[in-house]
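A.B. asks: Prediction below, plus the sequence it came from.
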Amino acid sequence: MPQNALYAQSGGVTAVINASAWGVIEAVRAHPAHFGKIYAARDGILGVLREEIIDLDQEDPLTLAALRHTPGGAFGSCRFDLGDPDQDPEQYERLVEVFRAHDIGTFFYNGGGGSMDTALKIARMGDRMGFPIKAIGVPKTIDNDLAVTDSSPGFGSAAKFIATVVREASLDVESMHTSSTKVFVLEVMGRHAGWLAAAAALAQEFDGQPPMLILFAETLFDQDDFLEHLNRTIERHGYCVVVVSEGLKNPDGTLFSVAQSHDVYAYTQLGGAAPRLAELIREQTGHKLHWAVVDYIQRSARHIASKVDVEQAYACGRAAVEGVVAGEDAFMPIIRRDSNDPYRWSIGFTPLETVADVEQGMPREYITPDGYGITQAARDYLRPLIQGEDAPPFDQGLPCYPRIRGELLPKRCPPFEVKTD
């Protein structure tokens, strides 16, 4: 009898991660000769360790199909790294115990670079502990910082949202700037990579309109130079929109702002760049301003998702399964850009070793020489990723997002304590 498959979600979720989930579920069920049942772990790898396994056979088929247009993480996500197998062997012993109890032969982990590291550890665990398990990564991150792949599922929709709200907010500021707000500061996500901040520049219908300065995570913040550019922009246009990456760095490389520190840098909660920058502008220039942080909204706005992004997320989920059927192991599907104009893409595979805990920032040639805008090459790269609309169904004026029941399988293993601090 073919063994069962287990799917789980990890890290910050996106507007399209559930499209990948549906791609995995649908493809597994299309290959009964290669797979038994398909389950989902609740709250990522934590659900595996806790033996909280969702029985997808108990879910309404229409609800599962609706995952393709539902934001958030339908099965729950987590931020949790497996320890070193030599220092924390009990975690891996527990994984084997749970996998064996539920006859799991393939594990699909949907996440970013850190999640690919977890998938790689599980793939290596099979050889180390004499337990055959296929571990496959499914790409996801709004930060667009996964290596090897041309783009990361989740980014295109977040980029489309940011470019849209910047264009709309700019019209608001433009209409009031002669007597009111002259500066609007928007903070977007991006720990090490400024891709989301760069996407804001797509809001410009032509050069310099709306007037905008972008502060990237890749560039060090020069206060005097920034203020000079800001004042010059306001003198020329009357107002300015400033978009800042949450991962903006000081001249010495430290973070410009931190909301909550953590011993593990990847888990340090960033934030506060917008209000701090706004206070600096207010003190140094006296300009009236407003600031905003899009925060979770940028990664959950499914109502304005990019059709390209939805299709790529779904395709990556299906490709993860098709790769296993073809005999592949320990890999992640990647998106390949076959042509830029017209935009054409296809799916390939890369070993988990090439993407595990590897971050890819924006190339310097995508940032203008002054450090506050994007080049034409960046526009040519970004624009195809936000194309097309894929709106969810609406009822009584609001989008319809069905919720799964989440019924768990009966536990077969003893309790296991997981420390998450």
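C.D. replies: In hand now; what should we look at?
A.B. asks: And the helices in the chain?
C.D. replies: 17-29, 45-49, 61-65, 89-101, 113-128, 155-176, 195-199, 223-237, 273-285, 297-300, 307-325, 376-382 (DSSP state H).
A.B. asks: Next, the buried residues of the shortest one.
C.D. replies: Put plainly, it is helix 297-300. Within helix 297-300, the residues that qualify as buried by neighbour count (16 or more other CB atoms under 10 Å) are Q298, R299, S300. (C-beta placed from N, C-alpha, C; glycine too.)
A.B. asks: Quick check: bridge partners of the residue nearest to G253 when sequence neighbours are not counted?
C.D. replies: Closest residue to G253 apart from its sequence neighbours, by CB to CB, 6 or more residues apart in numbering: L220 at 7.1 Å. Note on L220: beta-bridge partners K249, judged by DSSP bridges.
A.B. asks: Would you mind confirming that L220 makes contact with G247?
C.D. replies: No: counting by CB atoms under 8 Å, L220 stays clear of G247, with 11.5 Å between them.
A.B. asks: got any ranges where the protein has weak pLDDT?
C.D. replies: For the chain, the stretches flagged by pLDDT under 70 are 258-271, 421.
A.B. asks: Which residue lies nearest the spatial centre of it?
C.D. replies: T141 (1.9 Å; CA atoms, centre = their mean).
A.B. asks: Next up, phi/psi of that residue, please.
C.D. replies: phi 180, psi 130 (degrees, to the nearest 10).
A.B. asks: What's the separation between the residue nearest to it when sequence neighbours are not counted and G105?
C.D. replies: Spatial nearest neighbour of T141, chain neighbours left out: G112 (3.8 Å); criterion: CB to CB, 6+ apart. To G105, G112 is 25 Å away according to CB to CB, to the nearest Å.
A.B. asks: Looking only at neighbour counts, state which of those two leads.
C.D. replies: Per other CB atoms under 10 Å, whichever of G112 and G105 has more neighbours is G112, with 26 against 18.
A.B. asks: thought the more buried one was touching S152?
C.D. replies: Yes: with contact defined as CB under 8 Å, G112 reaches S152; the gap is 7.4 Å.
A.B. asks: anything in contact with each of these two?
C.D. replies: P139, K140, T141, D143, D145, L146 (CB atoms under 8 Å, 6 or more residues apart in numbering).
A.B. asks: could you dump those to JSON lines with distance to H192?
C.D. replies: Listed next are these as JSON lines, based on distance: CB to CB, whole Å:
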{"residue": "P139", "distance to H192": "17"}
{"residue": "K140", "distance to H192": "17"}
{"residue": "T141", "distance to H192": "11"}
{"residue": "D143", "distance to H192": "8"}
{"residue": "D145", "distance to H192": "6"}
{"residue": "L146", "distance to H192": "12"}
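A.B. asks: What subset of these is buried?
C.D. replies: Buried by 16+ other CB under 10 Å: P139, K140, T141, D143, D145, L146, out of the shared contacts of G112 and S152.
A.B. asks: Closest to Q58 out of these?
C.D. replies: K140 (25.2 Å; CB to CB).
A.B. asks: Between L220 and G247, which is the more surrounded one?
C.D. replies: G247 (24 against 15).
A.B. asks: burial count for the closest residue to the more buried one other than its chain neighbours?
C.D. replies: In this structure, G247 finds its nearest non-sequential neighbour in A217, 3.6 Å apart by CB to CB, 6+ apart. Residues within reach of A217, counting by other CB under 10 Å, total 28.
A.B. asks: just L67 next, same as before
C.D. replies: Neighbourhood size, L67 [other CB under 10 Å]: 25.
A.B. asks: so it sits right up against A21, yeah?
C.D. replies: Yes: L67 is in contact with A21 according to CB under 8 Å; the separation is 5.3 Å.
A.B. asks: Pull up the overlap in contacts between those two.
C.D. replies: The contact sets of L67 and A21 overlap at A74 (CB under 8 Å, 6+ apart).
A.B. asks: what's the distance between R336 and A378?
C.D. replies: In terms of CB to CB, R336 sits 19 Å off from A378.
A.B. asks: When these two are compared, which one has more neighbours?
C.D. replies: A378 (21 against 13).
A.B. asks: excluding its backbone neighbours, what's nearest the more buried one?
C.D. replies: Distances taken as CB to CB, 6+ apart place Y366 nearest to A378, at 3.7 Å, with adjacent residues excluded.
A.B. asks: list the contacts for the one you found?
C.D. replies: Taking CB under 8 Å, 6+ apart, one finds A198, I374, T375, A377, A378, Y381 in contact with Y366.
A.B. asks: one step back: P410 is nearest to which of the helices of the chain?
C.D. replies: Using CB to CB as the measure, helix 89-101 is the one of the helices of the chain that comes nearest P410, at 10.1 Å.
A.B. asks: The closest one packs against which elements?
C.D. replies: Under the contact definition 3 or more CB pairs under 8 Å, 6 or more residues apart in numbering; DSSP states H and E, helix 89-101 sits against helix 45-49, helix 113-128.
A.B. asks: Fine by me, thanks again.
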